[in-house]
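1. Dropping the sequence and predicted coords here.
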Amino acid sequence: CSPTLNPNSAHRQLQISADLSTVTWNQTAQPYSDHAERFEWWPIVLCFENFSSGDHYWEVDVTGSTTTKWSFALRKSCRVATTGRWTFNEVSWSLKKWDDYKAVHNETETKLTVRDAPKRVGVHVDWEAGVLSFYSADSMSLLHRVSSYKTGFLHPTFWLAGNTQGHLQTV
């Protein structure tokens, strides 16, 4: 089951589709109403779901973001923070694509070797085993694996920015 985007948390430059599956970065601010969950500083949107047990897999279509910077993370907290590197800190595990692909945790970046840019990235959470994995879903080749995150719950989070319009879609 794919996570659904929470429009109440979306930064004003992020447009959320009616079915809550696609986030699009736009240079024009969206006319969102004020909300306590809304990100004002970073171009981030949270998902409604969080995971504290079970086995979960979903994919993110990244073909609409070839010239856009993106990251998606699983965080131990969903509380909004207006400053700091929200998706790259000690309570988040991120896959990020800027000029290249990197795994990020606690502001430490690990450059990943990605031969062919994936069209879809698979995210697998095996809560009981304490393993989070990111895959190139096209070939099911492993991009990065994290262990020992298993405390609290994990909350899917998307970060998207660029100088051209781009989007990410959960599938």
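-> Arrived safely, thanks for sending.
2. give me the number of residues near Leu168?
-> Residues within reach of Leu168, counting by other CB atoms under 10 Å, total 26. The way it works is simple: take the backbone N, C-alpha and C, and place the C-beta from them, glycine included.
3. Which other helices and strands does the helix or strand harbouring it contact?
-> For Leu168, the host element (DSSP states H and E) is strand 166-170. Helices and strands touching strand 166-170, by 3 or more CB pairs under 8 Å, 6 or more residues apart in numbering; DSSP states H and E, are strand 22-25, strand 55-61, strand 68-75, strand 155-162.
4. for it, which positions count as buried?
-> By neighbour count on 16 or more other CB atoms under 10 Å, the buried set for strand 166-170 is Gly166, His167, Leu168, Gln169, Thr170.
5. Same check on stretch 99-111?
-> Neighbour counts over stretch 99-111 (16+ other CB under 10 Å) mark Tyr101, Lys102, Ala103, Val104, His105 as buried.
6. what's the answer for stretch 40-54, then?
-> Trp42, Pro43, Ile44, Val45, Leu46, Cys47, Glu49, Asn50, Phe51.
7. Keeping just the C-alphas, turn that stretch into CSV.
-> Provided in CSV are the C-alpha atoms of stretch 40-54 (Å, rounded to 0.1, in the frame of the first residue of the first chain):
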residue,chain,number,x,y,z
GLU,A,40,7.1,27.2,5.7
TRP,A,41,10.8,26.9,5.2
TRP,A,42,11.7,23.7,3.5
PRO,A,43,9.9,22.2,0.4
ILE,A,44,8.7,19.2,2.2
VAL,A,45,5.4,17.2,2.5
LEU,A,46,4.6,14.5,5.0
CYS,A,47,2.6,11.4,4.4
PHE,A,48,-0.4,10.5,6.5
GLU,A,49,0.9,7.0,7.3
ASN,A,50,3.5,5.9,9.8
PHE,A,51,4.9,2.5,10.4
SER,A,52,5.6,0.9,13.8
SER,A,53,5.2,-2.8,12.8
GLY,A,54,4.9,-5.1,9.8
